[in-house]
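Colleague: give me the fold of what follows.
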Amino acid sequence: MDEHAEKIGLLKPKLPQYKIENIKEPNLLRDVFPYDEVPGIQFDHKIVPIAPAPDIFITDTTFRDGQQARAPYTVVQVLDLFDFLHRLGGSNGVIRQSEFFLYSDADREVVDKCLGRGYRFPEITGWIRAVKADLEFVKSMGLKETGMLMSVSDYHVFLKLGKDRKQAAEDYLEVARAALEAGIRPRCHLEDITRADFRGFVIPLVQQLMRLAEEGDIPVKVRACDTLGYGVTYPGAALPRSVPKIIHSLIHEGGVPSEQLEWHGHNDFHKVHVNAATAWLYGCSGANGTLLGFGERTGNPPIEGLIMEYIGLTGDTNDIDTTVITEIADYFQNKLKTRVSPNYPFVGSEFNTTRAGIHADGVLKNPEIYNIFDTDKLLKRPLGVTISSMSGLASIAYWVNRHLGLEGEDAIDKRHPGAVRIHEWVAAQYAKGRTTGVSSKEMLLQARKFLPDLFESDLDRLKAKAHEIAAHIVEDAVEMLEMKSMKPAQQEPVMQGTLDENPFIQWIYVTDLDGKIMTRNIIHAEDRAKYQDVDTSVNLSDRPWFVGPLRDGKVFVSDFYISRYTSALCITVSAPIRDASEKIIGILGVDIRFEELVKLEEQE
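Modeller: Predicted coordinates:
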């Protein structure tokens with residue numbers, strides 16, 4: 001209505017003005033949130049109209065809220081995921097922004113490297129507390145926008161911050177004003193909005209924020225944060241839980257333009273995705289989510305779900321590449337070793353697998369009978385088939401090729417001996433009276449048994465992990481000036497530090513080009529007696545770990561062997577040490593206890 005009035009030259013309606021009700025005791029809305037009961041959903045039976053924003057988009061919090069649900073991503077992993085977000089959202093910025101912590105040196109290194117990608121979308125923004133000192137991190141990184149935490153429920157203002165509403169509002173406004181003075185767009189995160197007093201605190205605070213924006217001539221954004229997932233979409237539901245009324249009130253009473261409004265939800269009551277989509281429908285431009293929905297506690301709106309919802313609502317892909325969703329899922333499962341539920345929409349291993357007992361031939365004839373859309377085209381995920389008593393050899397081969405990603409010459413034929421053995425096992429199951437379909441877990445177990453060459457063993461995976469970690473250690477070490485000096489007095493402290501930081505390392509040493517060990521035994525204290533008989537005069541120039549780096553100038557990783565000193569299962573990793581002219585002047589060797597590395601992998 002306001003937009004139409006503006007088009008035909010009518011005056012904009014004046015917003016009702018509200019003042020902060022600075023109560024002395026917190027209003028915890030006990031009639032809505034009794035705490036010792038499931039909170040009831042209250043209705044006022046009033047309806048607000050659907051009024052979608054002219055431009056809707058997605059924002060990302062994978063590296064902020066999403067990272068609070070797991071171990072921190074490495075720099076390389078963040079860069080990989082950031083690249084995926086860029087490709088998924090396309091050149092028109094359907095995924096508009098991505099937010100990052102800025103507190104530690106590691107946080108700022110990640111942001112700096114992501115900025116180095118030079119992408120327009122997603123724009124990198126910060127996240128800070130509403131504290132002036134935190135604003136310095138944003139300035140130092142040169143970011144144009146930052147989120148700032150502004151708790152709005154009395155649960156947070158009184159019980160967490162120990163303030164009253166007036167004090168909290170003054171502090172929030174002071175930091176927002178400081179950001180505007182520095183030329184930074186503040187994005188005000190109204191934490192716990194679904195338990196807040198709207199007209200006693202939320203709306204008057206937002207009105208003051210909008211006045212700051214007018215004075216500074218820089219947009220002030222507002223993020224409505226459903227921190228505990230209390231939001232509901234039902235027509236006639238009452239504030240503070242009604243998502244339609246939250247958005248309507250922020251726009252028509254708070255004066256927040258749609259393009260400056262964003263929704264951030266959590267999935268505590270299984271409503272995270274529909275709440276975000278509803279916010280879009282009622283005028284909110286931005287929906288905030290994370291990759292695969294991973295986020296604090298129950299998680300956030302899954303970005304892949306928001307992508308599909310965006311296409312469904314707008315009828316436009318807008319340069320979105322939906323096939324990237326499958327690449328992201330594969331990365332989480334294979335690189336990050338993150339378990340994804342088999343029935344998880346769009347990315348689970350069985351999300352498009354029918355359990356109707358159909359044959360592979362039937363899938364190939366008409367997949368539309370069972371598939372939501374052409375998952376092969378849009379997600380590079382062909383329709384799957386459940387193995388049952390009616391499954392023939394073609395179904396077995398199709399299942400194996402589909403689940404193991406085997407194509408072309410790598411794909412197995414239905415006459416493959418392994419497929420025949422699996423088919424015999426399936427037939428035996430139903431001969432014993434089985435009536436249910438064979439699960440993917442069971443099929444994978446049989447495939448591992450009868451088609452072992454198609455699988456990477458746990459030992460192979462651990463070998464690869466050992467190679468990766470060890471190679472990284474020696475590559476970093478040989479680039480240090482102390483190591484390049486070829487002076488044991490300078491090298492040994494560096495080597496000792498490397499040993500101390502990596503307890504799975506057993507022994508570190510440096511040899512000259514004649515294969516003679518130059519350094520003292522850099523070993524753990526408990527191993528000293530075992531190494532006391534090491535003969536440093538022995539010529540080691542015939543050892544593979546010595547010859548390898550000299551031959552090709554690269555890091556060398558040995559096969560497994562039993563250490564003659566500790567009797568532990570080990571690998572040796574070595575790398576060339578070079579001078580300023582890139583000439584090889586020595587070899588750094590590192591012996592690693594494989595068992596200790598396995599323990600590290602299990603902890604990760």
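
Colleague: my guess is Asp107 contacts Lys113. True?
Modeller: No. Counting by C-beta atoms under 8 Å, Asp107 does not reach Lys113; the two are 11.2 Å apart. C-beta here means a position set from N, CA and C on the backbone, and glycine is covered the same way.

Colleague: those two: who's more crowded?
Modeller: The neighbour comparison of Asp107 against Lys113 (other C-beta atoms under 10 Å) goes to Asp107, with 21 against 14.

Colleague: so what's the nearest residue to that one once chain neighbours are set aside up against?
Modeller: Once flanking residues are discounted, Asp107 sits nearest to Phe101: 4.5 Å by C-beta to C-beta, 6 or more residues apart in numbering. Counting by C-beta atoms under 8 Å, 6 or more residues apart in numbering, Phe101 makes contact with Phe63, Arg64, Gln67, Asp107, Gly126, Trp127.

Colleague: helix, strand, or coil at Tyr119?
Modeller: Using DSSP: H, G, I helix; E, B strand; the rest coil, the structure places Tyr119 in coil.

Colleague: what sits against it?
Modeller: Phe82, His86.

Colleague: do you know the pLDDT at the spatially most central residue of the chain?
Modeller: Nearest residue to the geometric centre of the chain (C-alpha atoms, centre = their mean): Thr62, 4.6 Å. Looking at Thr62, its pLDDT reads 97.

Colleague: in which helix or strand does it reside?
Modeller: Assigned by DSSP states H and E, Thr62 belongs to no helix or strand.

Colleague: which ones are touching it?
Modeller: With C-beta under 8 Å, 6+ apart, Thr62 has these contacts: Leu81, Leu85, Ser98, Thr290, Leu291, Phe294, Ile303.

Colleague: which of the three states applies to the spatially closest residue to the last one that is not a sequence neighbour?
Modeller: By that I understand Ile303. Spatial nearest neighbour of Ile303, chain neighbours left out: Gly289 (4.4 Å); criterion: C-beta to C-beta, 6+ apart. The local conformation at Gly289, judged by three-state DSSP, is strand.

Colleague: measure Gly289 to Asp413 for me?
Modeller: In this view, Gly289 and Asp413 are 42 Å apart by C-beta to C-beta, to the nearest Å.

Colleague: what about these two, which has more around it?
Modeller: Gly289 (30 against 10).

Colleague: surely that one meets Ala279?
Modeller: No. If you go by C-beta under 8 Å, Gly289 and Ala279 don't touch, sitting 11.5 Å apart.

Colleague: shaky segments in the stretch 401-550 of the chain?
Modeller: In the predicted model of the stretch 401-550 of the chain, residues 457-459 satisfy pLDDT under 70.

Colleague: can you map out the helices along it?
Modeller: Ranges of helices within the stretch 401-550 of the chain are 417-431, 440-450, 458-478, 481-484, 488-501, 544-552, based on DSSP state H, counting those that start in this stretch.

Colleague: check what contacts the fourth one and list those residues.
Modeller: Outside of helix 481-484, the residues within contact range by C-beta under 8 Å, 6+ apart are 477-478, 490-491, 493-494, 510, 577-580, 585, 588.

Colleague: re the thing from before, Thr572 is nearest to which of the helices of the stretch 401-550 of the chain?
Modeller: helix 544-552 (4.6 Å; C-beta to C-beta).

Colleague: could I get the average pLDDT for the helix or strand following the closest one?
Modeller: Later in the chain than helix 544-552, the nearest helix or strand by DSSP H and E is strand 556-557. For strand 556-557, mean pLDDT is 89.

Colleague: so what strands line up beside whichever helix or strand comes after strand 556-557?
Modeller: Downstream of strand 556-557, the next assigned helix or strand under DSSP H and E is strand 561-562. As defined by DSSP bridges, the strand partners of strand 561-562 come to strand 569-578 (antiparallel).

Colleague: which outside residues touch the next helix or strand after the partner strand?
Modeller: Sequence order places strand 584-593 as the next helix or strand after strand 569-578, per DSSP H and E. For strand 584-593, the surrounding residues in contact (C-beta under 8 Å, 6+ apart) are 466, 470, 473-474, 477-478, 483-484, 486, 498, 504-513, 518, 545-546, 549-550, 553, 563, 566, 568-579.

Colleague: strand 584-593: how far from the chain's middle?
Modeller: Chain-centre distance of strand 584-593: 35 Å, with C-alpha atoms, centre = their mean, to the nearest Å.

Colleague: over to stretch 272-286?
Modeller: 22 Å.

Colleague: one more: stretch 218-230?
Modeller: Computed by C-alpha atoms, centre = their mean, the chain-centroid distance of stretch 218-230 equals 21 Å.

Colleague: now it: average pLDDT?
Modeller: Averaged over stretch 218-230, pLDDT sits at 98.

Colleague: also stretch 284-298?
Modeller: Regarding stretch 284-298, the rounded mean pLDDT is 96.

Colleague: okay, the contacts of Thr62 in CSV with neighbour count and secondary structure next?
Modeller: Converted to CSV, these look like this (neighbours: other C-beta atoms under 10 Å; DSSP: H, G, I helix; E, B strand; the rest coil):
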residue, neighbour count, secondary structure
Leu81, 23, helix
Leu85, 23, helix
Ser98, 25, strand
Thr290, 24, strand
Leu291, 25, helix
Phe294, 20, coil
Ile303, 28, helix
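
Colleague: what is the nearest of these to Thr435?
Modeller: Among the contacts of Thr62, and counting by C-beta to C-beta, the member closest to Thr435 is Phe294, at 36.4 Å.

Colleague: so that closest one sits right up against Arg64, yeah?
Modeller: No. Between Phe294 and Arg64 there is no contact under C-beta under 8 Å: 11.7 Å.

Colleague: in space, what's closest to Ser258 - neighbours in sequence excluded?
Modeller: Ala53 is the one closest to Ser258 (C-beta to C-beta, 6+ apart), at 3.6 Å.

Colleague: what helix or strand does the one you found sit in?
Modeller: Counting by DSSP H and E, there is no helix or strand that carries Ala53.

Colleague: same check on Lys245?
Modeller: Assigned by DSSP H and E, Lys245 falls within helix 243-252.

Colleague: quick check: next helix or strand after that helix?
Modeller: strand 261-265.

Colleague: how about residues contacting that next one?
Modeller: By C-beta under 8 Å, 6+ apart, strand 261-265 touches 53, 59, 61, 65, 187, 189, 221-226, 229, 231, 243, 247, 250-251, 271-272, 275-276, 279-280, 283-288, 300-301.

Colleague: all helices for the stretch 201-350 of the chain, in order.
Modeller: For the stretch 201-350 of the chain, applying DSSP H, counting those that start in this stretch gives helices covering 203-216, 243-252, 272-281, 303-314, 324-330.

Colleague: quick one: mean pLDDT over the second one.
Modeller: The one in question is helix 243-252. 98.

Colleague: what's the angle between it and helix 272-281?
Modeller: Taking axes from the mean of the first three to the mean of the last three C-alpha atoms, to 10 degrees, helix 243-252 and helix 272-281 form an angle of 40 degrees between their directions.
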